[in-house]
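> just to be clear, the model below is a prediction. Sequence and coordinates:
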Amino acid sequence: MKLTPRLKAIADWIQPGQKVGDVGSDHGYLMTYLVDQEIIKWGVASDINEGPVLNCKKTVASYGFEDQIDIRLGGGLLPYKMNEIESVVIAGMGGELIRDILIESDPIARKISHLYLQPMTGQDVLREWLLDHGYEIVKEKTVWEDNRCYEILHVRPGEMDLRAQNPIEEKVLEDDLYFEVGLRMVHDQAYADFIDKKINKYVHILRSIEKNGDTTSAAYLKAKKRFDLLNEVKVCIQTQVKL
């Protein structure tokens, strides 16, 4: 089975031999891949809707993995028991929803050693909540798929060390920029392209304010600061990674 770049990046981070849960499993491709590649021996695939659960059952059955992948109907972590899984994947939904899932099942979530989160939106909201509520972002990665950039976070319970480990991290720590672009990112071409996308976002904001608003306003000054910081980050990436 071949996974999309987004799911493959998540699969590459799963530690071999762990019991894994996939929240919002859809067709069950990720869990099926993990078992098929003998990365894991057993896991749970769950979804809040009956349609995806049925699709998942078809995929799992086609590979003969019914005894190794338990498929469950239910939202978030509600279908899971305490200490049942060691790792969980929560991908393909908004950052606010991922946050709410963790809040809703807090005792279960905090017993999970590794959380692999892939928010589609609200990445800054999720990062800020994680850091404020006792989660450590261990590693982050950007993956491009069909001209869209996805941000993947490897998280675990524990306090986050916000000290910079390299010049790029020093820059993103300024003005809390790391909520928007990540702190423990893999610094590769995908991340460089991601930073370019963010720079273009602020170019449009600044031009809009310059055309229709007040260039002395707090909104303009904040956008200008972010724009300048992002360009400094870009220079650091080019220097450190030698792209």
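Great, that's in hand. Numbers count the residues shown, from 1 in each chain.

> any idea what the closest residue to residue 182 other than its chain neighbours is bridged to?
Using CB to CB, 6 or more residues apart in numbering and skipping the chain neighbours, the partner closest in space to residue 182 is residue 140 (4.2 Å). Where you see a C-beta, it was placed from the backbone N, CA and C, and this is true even at glycine. Residue 140 has these beta-bridge partners by DSSP bridges: residue 153, residue 185.

> from residue 195, how far off is residue 140?
Using CB to CB, to the nearest Å, residue 140 is found at 13 Å from residue 195.

> before we move on, the earlier item: test my guess that the residue nearest to residue 182 contacts residue 150.
No: counting by CB atoms under 8 Å, residue 140 does not reach residue 150; the two are 11.0 Å apart.

> tell me which of the two has more neighbours.
When residue 140 and residue 150 are compared for neighbours, residue 150 comes out ahead with 24 against 21, by other CB atoms under 10 Å.

> do you have the helices of this protein handy? List them.
With DSSP state H, the ranges of helices along the chain come out as 5-13, 29-36, 50-63, 95-104, 106-109, 123-132, 167-172, 178-181, 189-212, 218-241.

> need those in a markdown table (columns: mean pLDDT, distance to residue 158 and mean neighbour count).
Shown next, in a markdown table, are the helices of the chain (pLDDT from 0 to 100; distance: least, CB to CB, whole Å; neighbours: other CB atoms under 10 Å):
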| stretch | mean pLDDT | distance to residue 158 | mean neighbour count |
| --- | --- | --- | --- |
| helix 5-13 | 97 | 17 | 18 |
| helix 29-36 | 98 | 25 | 23 |
| helix 50-63 | 97 | 32 | 16 |
| helix 95-104 | 98 | 14 | 19 |
| helix 106-109 | 97 | 13 | 15 |
| helix 123-132 | 98 | 11 | 19 |
| helix 167-172 | 94 | 18 | 20 |
| helix 178-181 | 97 | 17 | 21 |
| helix 189-212 | 96 | 24 | 15 |
| helix 218-241 | 92 | 26 | 16 |
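
> next, format those as CSV and append distance to residue 144.
Formatted as CSV, the helices of the chain follow (distance: least, CB to CB, whole Å):
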stretch, distance to residue 144
helix 5-13, 7
helix 29-36, 18
helix 50-63, 25
helix 95-104, 19
helix 106-109, 29
helix 123-132, 15
helix 167-172, 19
helix 178-181, 15
helix 189-212, 6
helix 218-241, 15
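
> can I see the domain layout of the protein?
5-160, 162-243 (automatic domain parsing).

> got a list of what residue 65 touches?
32, 35, 36 (CB atoms under 8 Å, 6 or more residues apart in numbering).

> that one and residue 87: what is the separation?
Using CB to CB, we find residue 65 at a distance of 18 Å from residue 87.

> for residue 147, same thing?
As for residue 147, its distance to residue 87 is 30 Å (criterion: CB to CB).

> of those two, who's got more company?
Of the pair residue 147 and residue 87, residue 87 is the one with more neighbours under other CB under 10 Å, namely 22 against 5.

> how much space separates the more buried one from residue 16?
Taken as CB to CB, the span from residue 87 to residue 16 is 11 Å.

> is it true that residue 126 touches residue 118?
No: using CB under 8 Å, residue 126 is not in contact with residue 118, being 10.2 Å away.

> what residues are shared contacts of those two?
residue 153.

> nearest residue to residue 230 other than its sequence neighbours?
Counting by CB to CB, 6+ apart, residue 199 is the residue found nearest to residue 230 once chain neighbours are left out, at 4.8 Å.

> OK, contacts around that neighbour?
Contacts for residue 199 (CB under 8 Å, 6+ apart) come out as 227, 230, 231, 234.
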